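Trainee: sequence first, then the predicted structure:
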Amino acid sequence: MKFFPKYIFAFLCILCTGAANAQSFTLSGIVVDAHTKEPVAYASVYFRGSGIGKTADSSGKFTFSLTDAINDTLEISYVGYEVFKEPLSFSGGDHNITVQMQRGKATNEVVVKTKINKGRFLWRKIMSKKKQYNRYNLPNFGYEAYNKLEVDFKNFRPEKAKKNFLLKPFAFVFDNIDSTSEKEPFLPTYLLESVSDYAYQKNKKKYFEHIKASKTIGFNNESISRMLGVMNQNVNVYGNYVNVMDKDFIGPFNDNADDYYTFSVADTQVINGKRMFHFMFRPKRAGQNTFEGDAWVVSQTFQIQKISLYLGKDANVNFIDRISIFQEFIPINDSVYFLNRDKFFADFKVLGKKSLTLIGRKTTSYKDIVINSDSITKLFETQSLEEVVKTSENVNKFSDSAWGAMRHDSLSANEKSIYVTINKLLDMPKFQKFKKNVKFLATGYTDNGNVEFGPWFNWVSSNQWEGARFRFDLGTNTGFHKKIYLHGYLAYGTKDQKLKGLMEAYWLLKKTPKRFRLHAAYSKDIDNGISQVGEVSQDNIFSLAIRKPNVTRKFLQLEDARFDVFKDLGRGFSSELFLVHRRYTPLLNLPFIDETTGKGQTFSNFEVALRMRYAYLEQFVEGDYFRYSLGSKYPIVEATIAKGVPGIGGSDYKYTKFSASVKDRMKISPLGSLSWKVFAGKVDGNVPFTFLENHPGNDIYYYNSNAFNLMNRFEYLSDKYAGISLEHNVGSGLFRFIPLTRKLKWRQFWTAKTLWGSLSPENNTLNNFSSKFRTLNNSNYTEIGTGIDNIFKILRVDFIWRVSPTNVKEPKTSNFGVFGSFQFQF
């Protein structure tokens with residue numbers, strides 16, 4: 001017995017020695033959202049086999065101190081996410097992992113029903129503070145914003161791409177593939193950056209942005225730089241609607257959001273000494289344009305500190321696999337939380353789930369935030385327009401070192417590699433040739449030196465008068481002159497065996513801020529439609545397959561010489577003065593054609609016209625010589641007065657024309673959008689049909705929003721007229737209640753067009769002696785329609801009914817028609 005303590009002592013020594021020699025190590029990591037890369041706070045982290053677990057902190061980080069080898073499955077779960085499972089097997093050394101969690105419903109997620117809906121109660125508390133916390137209800141605010149837009153590609157096989165004969169010369173691009181940052185490898189492709197000063201005032205409402213710097217490698221376009229600012233990209237989570245891809249989505253803090261969302265409180269945590277509610281929201285019904293997501297809300301003041309919005313899977317949006325919006329707010333005083341940074345990520349898939357995916361990642365940070373400042377009030381004292389966006393003179397010419405000082409944070413390794421790759425590509429002749437070929441296929445135009453050829457889709461067409469028609473266009477580009485554009489074409493018909501053509505010149509005296517342009521032109525050709533602006537012209541290879549059968553086509557030759565001056569007057573006003581000499585000659589199926597010789601009588605006139613246009617805050621994309629309207633959030637008004645002057649260049653006719661129109665596209669969320677146009681006009685004078693109003697008809701089965709689609713061209717003639725056009729795009733509408741059409745993302749719309757017109761007895765006698773035209777005789781022409789939009793994401797089918805007049809006998813016209821059209825829309 002006296003030796004027992006020795007054995008005990010020896011045993012303890014051996015045990016302690018073994019424990020001392022056991023290898024200890026740590027496993028640490030961070031849990032982030034797979035799309036936004038934002039931390040997932042307070043996720044549950046545990047080992048499935050051993051049951052060891054803990055909760056990640058407010059930054060999504062966790063650490064395990066371990067002494068035994070790991071051969072287990074790590075599981076991480078959190079409400080609103082799919083459960084993450086990853087087998088781990090290692091025995092030593094410190095390890096650090098990044099866990100990317102996908103949005104979705106966890107398999108172990110349980111819905112607990114209570115008598116009091118805590119989520120709805122919290123939502124009401126947030127809504128009670130909505131006006132107070134919405135930054136656009138502050139008297140004014142301002143900040144410096146740094147915008148960064150990265151474009152990446154994924155879902156492609158680099159090995160296959162490197163062997164492609166088109167892409168093989170650019171194989172070095174695939175060396176930048178990132179296979180570690182995300183579950184699926186992706187290729188960083190392009191990067192855009194901008195820095196701007198932004199200011200807002202509530203009363204009188206005004207916005208101001210000064211874009212100080214913009215980095216757009218490969219093109220220097222001021223209008224693109226303007227769009228990269230924050231004026232067009234602000235997401236206000238406190239607003240009733242959140243605009244995504246020009247569509248209004250019902251926000252979780254809409255005044256009636258409880259009709260569209262289910263709310264819950266998932267958790268309560270203390271973050272940085274403040275008690276926070278974890279607020280969750282989900283769509284109540286499938287097929288509506290709503291979000292799912294969560295927010296962290298301060299318990300005492302009900303201010304949002306962080307919020308994440310994710311596009312619902314059943315939302316009716318095209319080409320987008322997922323959208324994520326993240327915003328973070330920071331306190332700038334005792335009572336105000338202000339936006340500090342936001343992210344907008346979108347995955348675009350054009351050809352299906354497994355097709356090439358384009359990822360857009362826009363991040364914005366804000367600093368130097370000021371609110372209720374006298375300096376901002378003073379800034380707006382001299383600003384008369386509601387919105388002003390200006391750019392620095394050298395907005396695209398800052399050095400790399402200057403950008404290093406302006407950025408709010410440094411570029412990542414991926415972002416730096418993008419700039420290196422782009423510069424290398426732009427220096428490659430093969431890439432320039434590749435870009436040139438893509439432009440030719442997409443736009444129809446191609447450059448060769450200082451000359452532009454195209455569009456290719458006008459090269460060949462056909463009609464009853466000319467037979468096969470061949471046309472060749474030639475123009476200049478900025479290599480010839482940056483402010484002067486020359487263009488012309490020659491056309492030849494195999495049946496009439498005559499040359500036609502056009503030659504014109506544009507001189508852009510001033511491009512910005514107030515455009516001033518001169519234009520002179522001479523043309524002699526078949527007129528392809530009086531007063532008609534269509535999406536597919538008659539002089540187009542595609543029109544051959546979609547012409548209406550059994551329609552008597554009418555042909556007219558037009559010789560036109562003109563000079564016009566366009567001047568932007570500022571504040572949305574512009575004017576255009578025209579001096580035009582025209583010679584019209586009827587060719588086929590029109591009056592004033594000698595039945596014996598088949599030759600038409602020529603009508604000559606000289607016209608002076610002035611067009612005034614008002615489009616307040618209209619936005620444009622600037623091209624080399626021309627600009628393309630993106631529309632305005634206000635109605636656009638146009639008015640024209642034209643005077644026929646006899647005695648100049650053989651002109652025989654004296655008349656006065658008046659015309660005016662007002663049009664707008666209104667968002668009427670959540671009921672979609674409404675486009676409307678009201679127009680009217682009058683012609684004073686006894687003149688041939690060429691100077692009257694030939695109401696725009698449509699001779700093809702391609703739907704024309706600017707024409708009456710069941711009316712034929714040259715069918716109705718008026719010297720006094722008025723009309724209205726309506727189109728209501730409903731969105732999913734009734735289709736969201738049918739599982740199949742909801743899955744196909746069909747969209748519903750309706751249209752209505754009506755026209756009132758009359759023709760004076762004098763003009764009726766002069767023009768309608770051979771009954772070639774119809775007149776409305778103070779009655780109306782009306783057609784209504786509905787249809788299916790977004791078929792296969794690009795096709796629209798219109799079903800049109802002619803409501804009046806319906807008793808037309810000869811020539812017989814149809815009271816119903818089916819029309820198709822293509823459009824790219826989100």
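Mentor: On my side now, so go ahead. Residues are numbered from 1 along each chain as shown.

Trainee: which one is A199 nearest to, not counting chain neighbours?
Mentor: Excluding the flanking residues, the one nearest A199 by CB to CB, 6 or more residues apart in numbering is G142, at 3.9 Å. The way it works is simple: take the backbone N, C-alpha and C, and place the C-beta from them, glycine included.

Trainee: thought that neighbour was touching Y200?
Mentor: Yes - when contacts are counted by CB atoms under 8 Å, G142 is listed as touching Y200 (7.2 Å).

Trainee: before we move on, back to that, number of nearby residues for the residue nearest to A199?
Mentor: Per other CB atoms under 10 Å, the neighbour tally for G142 reads 19.

Trainee: go on, T382?
Mentor: T382 is flanked by 6 other residues according to other CB under 10 Å.

Trainee: ok, now the one 4 residues further on?
Mentor: Using other CB under 10 Å, the number of residues around E386 comes to 13.

Trainee: I641 too?
Mentor: 14.

Trainee: report the separation between it and R611.
Mentor: 8 Å (CB to CB, to the nearest Å).

Trainee: cool, and F592?
Mentor: From F592 to R611 the distance is 29 Å (CB to CB).

Trainee: who's more crowded, the two?
Mentor: Comparing F592 with R611 by other CB under 10 Å, the one with more neighbours is F592, at 20 against 17.

Trainee: anything in contact with each of G142 and Y200?
Mentor: Common contacts of G142 and Y200 (CB atoms under 8 Å, 6 or more residues apart in numbering): I376.

Trainee: is it correct that K495 is in contact with W465?
Mentor: Yes - counting by CB under 8 Å, K495 touches W465, with 6.8 Å between them.

Trainee: so for these two, which residue has more residues nearby?
Mentor: Between K495 and W465, counting by other CB under 10 Å, W465 is the more crowded of the two (18 against 13).

Trainee: the more buried one should be in a helix, yeah?
Mentor: No - counting by DSSP: H, G, I helix; E, B strand; the rest coil, one finds W465 to be coil, located in no helix.

Trainee: what number of residues lie near the residue lying closest to it once chain neighbours are set aside?
Mentor: Once flanking residues are discounted, W465 sits nearest to F555: 4.4 Å by CB to CB, 6+ apart. Per other CB under 10 Å, the neighbour tally for F555 reads 20.

Trainee: how about N777?
Mentor: Close neighbours of N777, defined as other CB under 10 Å, add up to 11.

Trainee: next, it: phi, psi?
Mentor: phi 50, psi 50 (degrees, to the nearest 10).

Trainee: wait, doesn't it sit right on S758?
Mentor: Yes - using CB under 8 Å, N777 is in contact with S758, at 6.3 Å.

Trainee: L379 and A199, how far apart?
Mentor: As judged by CB to CB, L379 and A199 stand 6 Å apart.

Trainee: my bad, should have said E381
Mentor: For E381, the distance to A199 equals 12 Å [CB to CB].

Trainee: show me what the helix or strand containing L674 is packed against.
Mentor: Secondary-structure assignment from DSSP states H and E places L674 in strand 673-684. If contacts are counted by 3 or more CB pairs under 8 Å, 6 or more residues apart in numbering; DSSP states H and E, strand 673-684 sits against strand 655-667, strand 720-731.

Trainee: next, count neighbours for the residue nearest to T552 when sequence neighbours are not counted.
Mentor: The shortest distance from T552 to any non-neighbouring residue, by CB to CB, 6+ apart, is to N589 (5.4 Å). When counting by other CB under 10 Å, one arrives at 16 neighbours for N589.

Trainee: could you report the pLDDT at N589?
Mentor: pLDDT recorded at N589 is 81.

Trainee: contacts only, for it.
Mentor: Contacts of N589 were listed using CB under 8 Å, 6+ apart, and they are 552-555, 772.

Trainee: still on that earlier bit, export the helices and strands packed on strand 673-684 to CSV and tack on mean pLDDT and mean neighbour count?
Mentor: Below are the helices and strands packed on strand 673-684 laid out as CSV (pLDDT from 0 to 100; neighbours: other CB atoms under 10 Å):
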stretch, mean pLDDT, mean neighbour count
strand 655-667, 94, 16
strand 720-731, 94, 19
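
Trainee: would TSV of the ones you listed with distance to W456 be doable?
Mentor: TSV is the format used below for the helices and strands packed on strand 673-684 (distance: least, CB to CB, whole Å):
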stretch	distance to W456
strand 655-667	31
strand 720-731	31
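
Trainee: wait, which of these is closest to G454?
Mentor: strand 655-667 (30.3 Å; CB to CB).

Trainee: what helices or strands is the closest one leaning on?
Mentor: Strand 655-667 packs on strand 636-644, strand 673-684, going by 3+ CB pairs under 8 Å, 6+ apart.

Trainee: mind putting those strands into JSON lines with distance to R747 and mean pLDDT?
Mentor: Converted to JSON lines, the helices and strands packed on strand 655-667 look like this (distance: least, CB to CB, whole Å; pLDDT from 0 to 100):
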{"stretch": "strand 636-644", "distance to R747": "25", "mean pLDDT": "96"}
{"stretch": "strand 673-684", "distance to R747": "11", "mean pLDDT": "95"}
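
Trainee: let me have the ones you listed in JSON lines, extended by distance to N437.
Mentor: Listed next are the helices and strands packed on strand 655-667 as JSON lines, based on distance: least, CB to CB, whole Å:
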{"stretch": "strand 636-644", "distance to N437": "37"}
{"stretch": "strand 673-684", "distance to N437": "36"}
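
Trainee: of these, which is nearest V244?
Mentor: Ranking those by proximity to V244 (CB to CB) places strand 673-684 first, at 14.3 Å.

Trainee: relative orientation of the closest one and strand 655-667 in degrees?
Mentor: Inter-element angle recorded for strand 673-684 and strand 655-667: 170 degrees (by axes from the mean of the first three to the mean of the last three CA atoms, to 10 degrees).
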